[in-house]
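1. output the structure for:
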Amino acid sequence: MGQFKDLDKRTSFFPTKSFTIREVIEQIITPLDIPAIFGMPFGHIQNKLTIPIGIQAELNATKKNFSIIEPSVIYSV
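-> Here you go, the predicted model:
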C-alpha cells in the first residue's frame, strides 16, 4: 500500500462508529493471506518510486523489503 494521509484517523462525524483507512484495508487484505505493507513510496506523492509492470519482484512484509529481481529494461544491439 502507498502512503495515506490520516491512515489511523476516524471521521469527526461518527468517531465511535467509523473505521480508519488502516482498518478497512486490513479487513480486506488479512483474509486473503497475502503479504502487504503500508507506506510504500508510490502514488500521488512528490518523491515516488517507479515500479515496472510485468517483471519479477519480491516483497517481504515482515522485514518491509521490496526488491525487483530481474532487469526492467533489456538492451540489445
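2. surely Met40 meets Ala57?
-> No: contact criterion CB atoms under 8 Å: Met40 and Ala57 do not qualify, at 11.7 Å. (Glycine included, C-beta is placed from N, CA and C.)
3. quick check: neighbours shared by those two?
-> Phe66 (CB atoms under 8 Å, 6 or more residues apart in numbering).
4. the two: which is more packed in?
-> Met40 (17 against 12; other CB atoms under 10 Å).
5. skipping adjacent residues, who's closest to that one in space?
-> Spatial nearest neighbour of Met40, excluding adjacent residues (CB to CB, 6 or more residues apart in numbering): Gly2 at 5.4 Å.
6. that neighbour - that's part of a strand, no?
-> No: assessed with DSSP: H, G, I helix; E, B strand; the rest coil, Gly2 is coil; it does not lie in a strand.
7. what's the pLDDT at Leu59?
-> pLDDT for Leu59: 89.
8. right, and the helix or strand after the particular helix or strand that has it in it?
-> Element membership for Leu59, per DSSP states H and E: strand 57-60. Sequence order places strand 65-68 as the next helix or strand after strand 57-60, per DSSP H and E.
9. and for the residue nearest to Met40, the neighbour number?
-> As a burial measure, Gly2 scores 13 neighbours (other CB under 10 Å).
10. need the contact list for it.
-> With contact taken as CB under 8 Å, 6+ apart, Gly2 is in contact with 39-45.
11. same thing but 7 Å
-> Gly2 makes contacts with 40, 42-43, as judged by CB atoms under 7 Å, 6 or more residues apart in numbering.
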